[in-house]
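**Student:** Whatever this is, show me its structure:
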Amino acid sequence: MKKKIFIWIATILLICSTILTTIISSNSNIANAVGGEQGRNSAGVLKKEVKDKDSKEPTEKKSNDRALEQLRNINKGIENITLKKRDDVKNISDNIINDLSRDVMERDNVIKTFNVTDLNGKPLSGEVEKWQNFKVTGTFELPNNVVRKGDTTTIKLPEQLTFGGGSLNFSIKDSKNNVVANALINPNTKTITLTYTDYPEKYSDVKGEFYFYARVDESRIKQEIDIDLNFTINNKVIISSGKLHYKGPKRYNTTMGKSGWQDRKDKSLLHYDISINRSMIDLKSVKIKDRLDDNVQNVKVLPNTIKIYKLDWYWDKVRWKYKNLEEVTANFKDKIKVDNDQKGFTIDLGDIGKKGYKITYDIRAGYTPADGEIIKNKVTLYHTGKVPYESKFNLRYLTAGGKAEGYVYSIN
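**Tutor:** Down below sits the predicted model:
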């Protein structure tokens, strides 16, 4: 409250200073105008006295009348400026007071439930594995005549979880596309902040739901464990959604594997990573063929993003990591062949022995994929052995969202 009063007083003083400066400047102009006029009149009078003493009085009277008329006009202008400034002061101060009186409030009593399901909205069954995403749906109800524009609600994930998918922000809208609240995801603090628009001030009985995707934070959880799904609202209210059982990281040796993920900022950009020879066997005449499914349309590989790295793989009790990373793309410049339709490519690596490799590349969709859309892909490793290694990877596009409805306020 003290801060509000200080800001209000400072604003009024600033505006009053502007008015006084205007008046002082105007009075200075009056003095200069009158003084200058009188000086000119005096010089004229002296000349008239020398030339003709009988004309002195009429000349002085005429000059003084002209100066007085200027003075009246200037005073009238000052009066108009002062009245206008008063109106400006009233309007500005009223606006400032109204803005200051609208304190941003944290609303922690609006979230009602959280429900954790698989990606299809079905109850989670069995154990949750490493990198496995699941869906979290929250419901909310906004009390009438309470929530105002700028108010916020901050939801924090359990410490054992992290966000899945690529969305960093989304809007909760009604059926007419009016925005009820804007949501911002912060992966670093593991929070979602809902900032309400003026929708709750115009509509009553506002209620709705929002959803996002999460997974177990493998950087923190390094063993099999039961996780309490407790979501914290504004660091005050805790809403429980039961438990889930995390299977924990299990070591696996693969000759080839593939992963992919969404770009957090560019909604049409996807990243892929092909891991080669984690099992560290002797491989000769190696050729990699990577291709999007024929049913995937309007999506293309970006040739300039294809990179090849040589490295040493190792298991750190939680995940596969690598060391001695060396980019060798330039060595295979003539060995990279992109398909004519840009839906795939082949790379002839030759004899790689027991060395590990990694290939990264990006693809771009000519549209923004829908939530839940699956982009299918297959990569095959051919070598001198009889059986090629194959890995199918389906990247499921995940984006957070929400919906709400309210009724227009009415007076009966």
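**Student:** Just the buried positions in stretch 268-283, please.
**Tutor:** The neighbour-count check on stretch 268-283 (16 or more other C-beta atoms under 10 Å) flags 268-272, 274-278, 283 as buried. Where C-beta positions appear, they are placed from N, C-alpha and C, glycine not excepted.
**Student:** K335 reaches F345, doesn't it?
**Tutor:** No. Taking contacts as C-beta atoms under 8 Å, K335 lies outside contact range of F345: 10.5 Å.
**Student:** Tell me which of these two has more neighbours.
**Tutor:** Taking K335 and F345 together and counting by other C-beta atoms under 10 Å, F345 has the greater number of neighbours (18 against 14).
**Student:** Now intersect the buried residues of stretch 268-283 with the strands, please.
**Tutor:** 269-272, 274-276 (DSSP state E).
**Student:** Reformat those as TSV; add pLDDT.
**Tutor:** Putting those into TSV (pLDDT from 0 to 100) gives the following:
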residue	pLDDT
L269	95
L270	94
H271	95
Y272	96
I274	96
S275	95
I276	96
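**Student:** nearest to D228, of the residues you listed?
**Tutor:** H271 (32.5 Å; C-beta to C-beta).
**Student:** Touching, that closest one and D263? I think so.
**Tutor:** Yes. Using C-beta under 8 Å, H271 is in contact with D263, at 6.4 Å.
**Student:** Identify the bridge partners of the closest residue to L168 other than its chain neighbours.
**Tutor:** Spatial nearest neighbour of L168, excluding adjacent residues (C-beta to C-beta, 6 or more residues apart in numbering): I185 at 5.0 Å. Note on I185: beta-bridge partners I192, judged by DSSP bridges.
**Student:** Now do the domain split for this protein, please.
**Tutor:** When the chain is parsed with automatic domain parsing, its domains come out as 2-101, 111-249, 256-396.
**Student:** right, and these - which one's nearest G406?
**Tutor:** Counting by C-beta to C-beta, G406 lies closest to domain 111-249 out of the domains of the chain; the figure is 3.0 Å.
**Student:** Which parts of the chain are helices?
**Tutor:** Using DSSP state H, the helices of the chain run over 2-51, 56-101, 199-202.
**Student:** Lowest average pLDDT across those helices?
**Tutor:** The weakest mean pLDDT among those belongs to helix 2-51, with a mean of 48.
**Student:** which strand is the longest one in the protein?
**Tutor:** For the chain, the longest strand by residue count, based on DSSP E, is strand 203-216.
**Student:** Just name whatever secondary elements that strand is in contact with.
**Tutor:** The contact analysis (3 or more C-beta pairs under 8 Å, 6 or more residues apart in numbering; DSSP states H and E) places strand 203-216 against strand 134-142, strand 161-163, strand 169-173, strand 179-186, strand 401-408.
**Student:** just so I know, which of those lies nearest N253?
**Tutor:** strand 161-163 (26.1 Å).
**Student:** Throw the helices and strands packed on strand 203-216 into a markdown table and include mean neighbour count, thanks.
**Tutor:** Output for these, formatted as a markdown table (neighbours: other C-beta atoms under 10 Å):
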| stretch | mean neighbour count |
| --- | --- |
| strand 134-142 | 20 |
| strand 161-163 | 21 |
| strand 169-173 | 18 |
| strand 179-186 | 19 |
| strand 401-408 | 16 |
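**Student:** Please tell me I have it right and N230 contacts G242.
**Tutor:** No. Using C-beta under 8 Å, N230 is not in contact with G242, being 9.7 Å away.
**Student:** what's the closest non-adjacent residue to D198?
**Tutor:** Nearest to D198 is K149, by C-beta to C-beta, 6+ apart, at 4.1 Å.
**Student:** and the one you found, how far is that from K403?
**Tutor:** Distance from K149 to K403, counting by C-beta to C-beta, to the nearest Å: 20 Å.
**Student:** now A183
**Tutor:** 12 Å.
**Student:** Need the overlap of contacts for those two.
**Tutor:** Residues touching both A183 and K403 (C-beta atoms under 8 Å, 6 or more residues apart in numbering) are 172, 210.
**Student:** for this structure, which residue is closest to the average position?
**Tutor:** N169 (5.2 Å; C-alpha atoms, centre = their mean).
**Student:** how close does K243 get to L157?
**Tutor:** Distance, K243 to L157, by C-beta to C-beta: 15 Å.
**Student:** neighbour-wise, which of these two wins?
**Tutor:** Using other C-beta under 10 Å as the criterion, K243 and L157 rank with L157 on top: 22 against 12.
**Student:** quick one: the more buried one and N186 touch, right?
**Tutor:** No. When contacts are counted by C-beta under 8 Å, L157 is not listed as touching N186 (10.3 Å).
**Student:** sorry, back to before: which among the helices and strands packed on strand 203-216 is found nearest to F210?
**Tutor:** For F210, the closest of the helices and strands packed on strand 203-216 is strand 401-408, at 3.0 Å, according to C-beta to C-beta.
**Student:** Sounds good, over and out.
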